[in-house]
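> Output the structure for:
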Amino acid sequence: MIVTSPQSRRKTLSMPHDYEGGITMYEQQQIPANYEAEQAVVGALIIGGNVDELTTEVNLTPNDFYFSDCKLVYKCILYLNDKNDKIDIVTVDSTLKTAKEYKGIEFLKNAISNNPTK
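Below you'll find the predicted structure:
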């Protein structure tokens, strides 16, 4: 049985007396995120994935990305798709060059080279 204290509403959840660690509410509510998985998604789209399928059937949105660099690249891919531009490493890189958050073409190369679908 979990015993709660008034402090549990703030930061920690009190555990039975034999548990010394304590779990913070932040740790309990952290969103599961996997950088390699997010990178694989954008890498697959750059290689030639179906953007429309992800946005309509899977309903993938930029807010589904936890890591800002993956989110930025996904937004760029959506932008290029809406303009009916070709989505490849060159167009994504040239579109993102002015964004200060952009980590450069090395991020795109890694997303492609570490992609299991290549």
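> How about the spatially most central residue of the chain, nearest residue that isn't a chain neighbour?
Nearest to the mean C-alpha position of the chain, by CA atoms, centre = their mean, lies residue 65 at 2.9 Å. Once flanking residues are discounted, residue 65 sits nearest to residue 71: 3.8 Å by CB to CB, 6 or more residues apart in numbering. Where C-beta positions appear, they are placed from N, C-alpha and C, glycine not excepted.
> Please report the distance of the one you found from residue 87.
Using CB to CB, to the nearest Å, residue 71 is found at 16 Å from residue 87.
> again, but for residue 67
According to CB to CB, residue 67 and residue 87 sit 20 Å apart.
> same deal with residue 77?
For residue 77, the distance to residue 87 (CB to CB) stands at 6 Å.
> before we move on, what about residue 56?
From residue 56 across to residue 87, the span is 16 Å (CB to CB).
> out of those two, which sits in the more crowded spot?
Between residue 56 and residue 87, counting by other CB atoms under 10 Å, residue 87 is the more crowded of the two (20 against 10).
> Need the pLDDT of that one.
In the predicted model, residue 87 carries a pLDDT score of 93.
> Apart from its neighbours in sequence, what residue is nearest it?
residue 80 (5.1 Å).
> Have a look at the chain and report its longest helix.
Selection of the longest helix in the chain by residue count, based on DSSP state H, yields helix 68-82.
> Run the chain-centre distance for the helix or strand following that helix.
Next along the chain after helix 68-82, taking DSSP states H and E as the criterion, comes helix 89-96. Put simply, helix 89-96 sits 19 Å off its chain's centre (CA atoms, centre = their mean, to the nearest Å).
> Which elements pack onto helix 89-96?
Packing contacts for helix 89-96, counted by 3 or more CB pairs under 8 Å, 6 or more residues apart in numbering; DSSP states H and E, involve helix 68-82, helix 105-113.
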